[in-house]
Structures are given as structure tokens and as C-alpha cells.
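In: missing the sequence, but the structure's below:
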């Protein structure tokens, strides 16, 4: 189990490095600090805001259950969608 954790940490660190490298390759005026790496893993390295956190963690208008992280690499859960899945109206 410890080996799996180590592998996951190395992969996560590699994705973070790839995300930062992607942004630093761009001219400064084109850097958004958000996007995807390896074609589908989302990242958002901007300073988190309350509005963005709310729109990711609780957004009944978004049909996705898994949405990009508020800050970092990967996905988080849209709890509004999860509530609909667990207890349909």
C-alpha cells in the first residue's frame, strides 16, 4: 500500500510540474494558470476565491458530478449534483 501511495504522489507531482511548465512556455500575457494536462486532467493554479469554490463545490446548474479542483490538479465533487443523485427530486 505504501508503494501505491508513493507512486500516486510521484504522478501528482509530475502533473503539477507539467501544468506549471505548460503555463511558463506561454508568453506572460497568455498565461491563465488554468487548463488541462495530458489532455484531460484539469488544473487551476489561480488564487482561490469564494465564488469559484462555491461554483465548484455547490453548483446545481452544473450537470457534472466531478468538477475541476478549486485550486490544484484533478477533480472535486459537486455536492449539489451528488445530492440530486442520492435523493432525486
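Out: Perfect, I can see it now. It should be emphasised that the depicted structure is a prediction, and the values quoted were computed from it without experimental measurement.

In: could you say which helix or strand contains residue 76?
Out: Per DSSP states H and E, residue 76 falls inside strand 75-77.

In: That strand pairs with which strands?
Out: strand 66-68 (antiparallel) (DSSP bridges).

In: and the partner strand, what's its mean pLDDT?
Out: Looking at strand 66-68 alone, the average pLDDT works out to 97.

In: Past it, which element shows up next along the chain?
Out: Heading C-terminal from strand 66-68 (DSSP H and E), you reach strand 72-73.

In: so where's this protein uncertain?
Out: Scanning the chain for pLDDT under 70 picks out 89.

In: now with 80?
Out: In the predicted model of the chain, residues 88-89 satisfy pLDDT under 80.

In: Who are the packing partners of the longest helix seen in it?
Out: With secondary structure taken from DSSP state H, the chain has its longest helix at helix 2-25. With contacts defined as 3 or more C-beta pairs under 8 Å, 6 or more residues apart in numbering; DSSP states H and E, helix 2-25 has these neighbours: strand 34-37, strand 41-44, strand 72-73. Any C-beta I mention is one placed from the backbone N, CA and C, and that applies to glycine too.

In: repeat that for 7 Å
Out: Of the remaining helices and strands, those touching helix 2-25 by 3 or more C-beta pairs under 7 Å, 6 or more residues apart in numbering; DSSP states H and E are strand 34-37, strand 72-73.

In: Format the ones you listed as TSV; extra columns: mean neighbour count and distance to residue 17.
Out: Output for the helices and strands packed on helix 2-25, formatted as TSV (neighbours: other C-beta atoms under 10 Å; distance: least, C-beta to C-beta, whole Å):
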stretch	mean neighbour count	distance to residue 17
strand 34-37	15	9
strand 72-73	19	10
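
In: In JSON lines, list these along with distance to residue 11.
Out: Output for the helices and strands packed on helix 2-25, formatted as JSON lines (distance: least, C-beta to C-beta, whole Å):
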{"stretch": "strand 34-37", "distance to residue 11": "11"}
{"stretch": "strand 72-73", "distance to residue 11": "10"}
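
In: wait, which of these is closest to residue 60?
Out: Within these, the stretch nearest residue 60 is strand 34-37; the backing value is 22.6 Å (C-beta to C-beta).
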